[in-house]
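Asker: A structural model of the following input is requested.
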Amino acid sequence: MRRTIALSLWALAAASCASAETCNLQRVAELPVQYMPQAGLIFVSAKIQDQPIPMVLATAAQSTMIDSATAERLKLDMRPVRNLKGQSRSGESQRVFEVLIPEMHVGTIRYTQYRMLITEVARTDAQKRNVGSFSLNSMNNADFEFDVAAGKVKAFTPAPCATSAPWASDADTVPLVETANSHHMRVDVKVDGKTLRAEFDSSLRRSALTWSGMRRLGLSPDGDVETTPDGEKLRRYQSFAIGDEEIRNPRFGVVRVVETWSANGGTARRIEMDSQPDMYLGADWLRAHHVYVGRGAKQVHFTYNGGPVFEK
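Answerer: A predicted model of the protein is given here:
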């Protein structure tokens with residue numbers, strides 16, 4: 001039976017019974033996280049050379065990064081990568097640097113002699129509050145449990161036996177879609193009744209459709225789109241569904257996926273559209289749910305924690 005979450009009324013269903021089957025999960029790391037309402041993002045506690053560095057949890061990022069201003073403040077030796085140029089999702093040109101970080105702590109994880117790429121790009125005032133992003137790619141074969149409400153993200157050894165949520169037997173379960181890049185966390189969802197492929201991207205404060213996803217719905221990226229005062233493009237849809245959860249009248253952002261890199265100063269090659277997701281499930285969805293991404297079982301389990309999921 002499908003349950004519907006109305007945007008105007010929210011009810012928190014009590015769901016906490018232990019799983020009938022016992023699966024011995026072996027935890028390998030734990031990250032303290034905090035949802036910051038003003039930024040609309042999930043931050044992870046990190047330290048570089050004993051200096052606290054606020055980092056956005058970035059589930060879709062390929063690598064951990066800090067900005068050039070932070071690297072300069074920490075007196076890290078930034079070396080230009082001369083044969084590499086970058087371009088952001090919004091099409092901004094980026095200079096690329098490389099640094100070697102002697103020591104970095106993220107939760108219970110300790111990195112030494114950590115090599116990191118750094119980009120220098122024009123940033124808005126809102127972005128300047130975020131000086132780094134932490135990618136889970138260094139643990140790309142792990143199972144992950146996201147419990148933002150409890151302030152924790154846990155990593156486990158992949159467990160084929162994790163066929164239900166460790167905290168509730170009645171959690172929704174959907175297949176984890178495998179891709180060539182193992183760090184992707186993708187699932188199939190439905191928007192306005194049509195199936196789209198979505199990727200968890202906690203670095204986005206608002207869930208968004210890509211141009212590819214909008215075209216799959218027969219929509220123009222520029223049609224019926226409203227623009228917020230800060231320049232964000234939004235569009236309202238009739239429904240969103242994942243598993244047995246359905247949300248009526250959600251409003252999503254619009255993302256143009258352009259991330260490209262060019263070597264030796266050559267022309268950047270754009271990633272083929274079919275390799276990109278149709279949608280990104282952002283920090284708004286993740287903070288409202290308790291989620292287990294099981295690479296071992298190739299399944300995603302989730303329960304609704306309460307509160308609004310998508311902004312009106």
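Asker: what is the burial count for Glu226?
Answerer: If you count neighbours by other CB atoms under 10 Å, Glu226 ends up with 10. C-beta coordinates here come from the backbone N, C-alpha and C atoms, glycine included.
Asker: show me the beta-bridge partners of the closest residue to it other than its chain neighbours.
Answerer: In space, and not counting its chain neighbours, Glu226 is closest to Leu234: 5.3 Å by CB to CB, 6 or more residues apart in numbering. In this entry, Leu234 is beta-bridged to Glu226, Gly253, by DSSP bridges.
Asker: per-residue confidence at Leu234?
Answerer: With respect to pLDDT, Leu234 has a value of 89.
Asker: same deal with Ser203?
Answerer: For Ser203, the predicted pLDDT is 92.
Asker: residue contacts, Phe60?
Answerer: If you look again at residue 60, you'll see it is Ala, not Phe. Taking CB atoms under 8 Å, 6 or more residues apart in numbering, we find Ala60 in contact with His184, Met185, Glu199, Phe200, Asp201, Ser202, Ser203, Tyr280.
Asker: show me where the stretch 51-200 of the chain has helices.
Answerer: 68-73 (DSSP state H, counting those that start in this stretch).
Asker: pull up the gap between the residue lying closest to Ile242 once chain neighbours are set aside and Phe240, please.
Answerer: Of all residues not flanking Ile242 in the chain, Val189 sits nearest, at 4.6 Å (CB to CB, 6+ apart). According to CB to CB, to the nearest Å, Val189 and Phe240 sit 7 Å apart.
Asker: okay, those two: which has more neighbours?
Answerer: Phe240 (26 against 23).
Asker: hey, what's the residue nearest to Ile242 bridged with?
Answerer: Residues in beta-bridge contact with Val189 (DSSP bridges): Leu196.
Asker: isn't Tyr292 right up against Thr303?
Answerer: No - with contact defined as CB atoms under 8 Å, Tyr292 does not reach Thr303; the gap is 9.4 Å.
Asker: quick one: which of those two has more around it?
Answerer: Neighbours were counted for Tyr292 and for Thr303 using other CB under 10 Å; Tyr292 has more, 27 against 19.
Asker: for that one, which non-adjacent residue is closest in space?
Answerer: Closest to Tyr292 by CB to CB, 6+ apart is His301, at 4.4 Å.
Asker: how far does the helix or strand where that neighbour lies sit from the chain's center?
Answerer: Here His301 sits within strand 299-304, counting by DSSP states H and E. On the basis of CA atoms, centre = their mean, to the nearest Å, the separation between the geometric centre of strand 299-304 and that of its chain is 15 Å.
Asker: please list all residues in contact with the residue nearest to Ile242.
Answerer: Val189 neighbours (CB under 8 Å, 6+ apart): Thr195, Leu196, Arg197, Ala198, Phe240, Ala241, Ile242, Met279, Leu281.
Asker: hang on, the earlier thing: now for Tyr292 and Thr303: what residues contact both?
Answerer: With CB under 8 Å, 6+ apart as the test, Tyr292 and Thr303 both reach Ala165, Ala171.
Asker: now the strands for the stretch 1-150 of the chain?
Answerer: 3-5, 27-36, 41-44, 46-48, 51-52, 55-58, 65-66, 79-87, 93-106, 109-120, 132-135, 143-147 (DSSP state E, counting those that start in this stretch).
Asker: export the third one to PDB, keeping only CA atoms.
Answerer: In other words, strand 41-44. As requested, C-alpha coordinates have been extracted for strand 41-44 and formatted as PDB (Å, rounded to 0.1, in the frame of the first residue of the first chain):
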ATOM      1  CA  LEU A  41      23.200  21.500   4.000                       C
ATOM      2  CA  ILE A  42      24.700  18.600   6.000                       C
ATOM      3  CA  PHE A  43      28.100  19.300   7.500                       C
ATOM      4  CA  VAL A  44      30.600  16.800   8.700                       C
END
